[in-house]
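# Sequence and predicted structure below; questions after.
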Amino acid sequence: MRAAVITQPGDVEITTLDDPAPGPREVVVEVAASGLCGTDLHILQGEFAPKLPIIPGHEFAGQVAAVGSAVTEFAVGARVAVDPSLFCFECHYCRIGHNNLCERWAAIGVINPGAAAEFVAAPVANCAVLPESVRTEDAALIEPLSCAVRGYDVLASRVLIYGAGTMGLMMLQLAKATGAASVDVVDVNADRLNTARQLGCSTSATSADELYPPKYGWDLVVDATGNAKAIQDALGRVGKGGAYLQFGLADYATRATIEPYRIYNQEITITGSMAVLHSFERAADLFATGVIDPGVFISNRLPLTAFPDAIARFQAGAGRKIQIQPGLKDT
């Protein structure tokens, strides 16, 4: 099969590898689409993945091409979206229900070979069968949506979101779907702000200084950028009794200053949301209802050979969700 491989920090190669074979409780998925994510950029920079080389790609969907000897849930030909998270189910955190904090946490496309390839192996338990109403290629959006669903397990009525990339826009859509009274969005990218307005945000601006805060401040402030300057600014925008959610994936070296007295005196909660936890199937159900429009979110659909170009576009902040579709012919 053809695959994109991050061989060392900063280097991506398109190469030919052996097709994966399924273990007893695994399936092999013929990849219809694999989305790019900030995690992929961190891996390319030499962070997050414990070792290289690795085939990236953890947001994906496709058609089952082979099943393991102990798989009875569905057959070859089933269309599935796949939760890439791999847990041990044995450590302290798994036993108390925080599998996303697993001491042996792994993921397809981070530690195991990923979906920037024609085929990828996955546990059958991680596969969600798609309804007829959902296009296979579009279903690669379910994984990032499941991360946003996990983030919104803490709900609020007045929301401020930093970042109008894919994840910030999904946060906007979910906030609206859960009845938020207002959802304001900050981003320095004018095109992304236009998309946020298209999706119905309350107000948008390139700086929170340009917004009019709710009378009692924002109940929930979300960083979906991972940018140090945005994080620092966002921490200061939380209203009394409100919460700050660190959702964006920051560099390891990123630092921010907090004000312990303000956190105490105004009862502010600071929390994080790591990957997926009990939210993938909920996201698949939500996706089938049309909670997000793939036509708005997916800006580029490129062949596998264009993976290096896709990474460059993503690094430059061009477009929204950029997908690799191995079945597309090279142009």
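Structure received.

# Which strand or helix spans residue 296?
For residue 296, the host element (DSSP states H and E) is helix 294-297.

# So which bits of that helix are buried?
294, 297 (16 or more other CB atoms under 10 Å). In short, each C-beta sits where N, CA and C put it, glycine included.

# so what secondary structure elements neighbour that helix?
If contacts are counted by 3 or more CB pairs under 8 Å, 6 or more residues apart in numbering; DSSP states H and E, helix 294-297 sits against helix 166-177.

# send the alpha carbons of the helix it packs on over as CSV?
Output of helix 166-177 as CSV, limited to C-alpha atoms (Å, rounded to 0.1, in the frame of the first residue of the first chain):
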residue,chain,number,x,y,z
THR,A,166,-12.1,23.3,12.8
MET,A,167,-12.2,22.6,16.5
GLY,A,168,-13.3,26.2,17.5
LEU,A,169,-16.0,26.1,14.8
MET,A,170,-17.2,22.7,16.1
MET,A,171,-17.3,24.1,19.7
LEU,A,172,-19.4,27.0,18.3
GLN,A,173,-21.8,24.5,16.7
LEU,A,174,-22.1,22.4,19.8
ALA,A,175,-22.6,25.5,22.0
LYS,A,176,-25.5,26.6,19.8
ALA,A,177,-27.0,23.1,19.7
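
# Kindly export the helix or strand following it (C-alpha atoms) in CSV.
For helix 166-177, the succeeding helix or strand toward the C-terminus, using DSSP H and E, is strand 182-186. These are the backbone C-alpha positions of strand 182-186, laid out as CSV (Å, rounded to 0.1, in the frame of the first residue of the first chain):
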residue,chain,number,x,y,z
SER,A,182,-24.4,33.6,23.2
VAL,A,183,-21.3,32.4,21.5
ASP,A,184,-18.6,34.9,20.7
VAL,A,185,-15.5,34.0,18.7
VAL,A,186,-12.0,35.5,18.5
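
# Flag every buried residue along the helix or strand just after strand 182-186.
Following strand 182-186 in sequence order, the next helix or strand is helix 190-198 (DSSP H and E). Going by neighbour count (16+ other CB under 10 Å), the buried part of helix 190-198 is 192-193, 195-196.

# Helix 190-198 relative to helix 166-177, how many degrees between them?
Taking axes from the mean of the first three to the mean of the last three CA atoms, to 10 degrees, one finds helix 190-198 and helix 166-177 inclined to each other by 20 degrees.

# State the next helix or strand along the chain beyond helix 190-198.
strand 203-205.

# Who does that next one pair with, and is each partner parallel or antiparallel?
Strand 203-205 has its sheet partners listed here by DSSP bridges as strand 182-186 (parallel).

# Just the mean pLDDT for the strand it pairs with, thanks.
Mean pLDDT, computed over strand 182-186, is 96.

# which residues are contacting that strand?
Here strand 182-186 makes contact (CB atoms under 8 Å, 6 or more residues apart in numbering) with 157-164, 168, 172, 175-176, 193, 196, 201-208, 211, 214, 218, 230.

# Backbone dihedrals for residue 315, please?
phi -60, psi -30 (degrees, to the nearest 10).

# and the closest residue to it other than its chain neighbours, what does it touch?
Leaving aside its chain neighbours, residue 315 sits nearest to residue 41 (6.2 Å; criterion: CB to CB, 6 or more residues apart in numbering). Going by CB under 8 Å, 6+ apart, residue 41 touches 311, 314-315.

# of those, buried ones?
311, 314.

# can you put the contacts of residue 41 in TSV and add distance to residue 60?
Converted to TSV, these look like this (distance: CB to CB, whole Å):
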residue	distance to residue 60
311	16
314	16
315	20
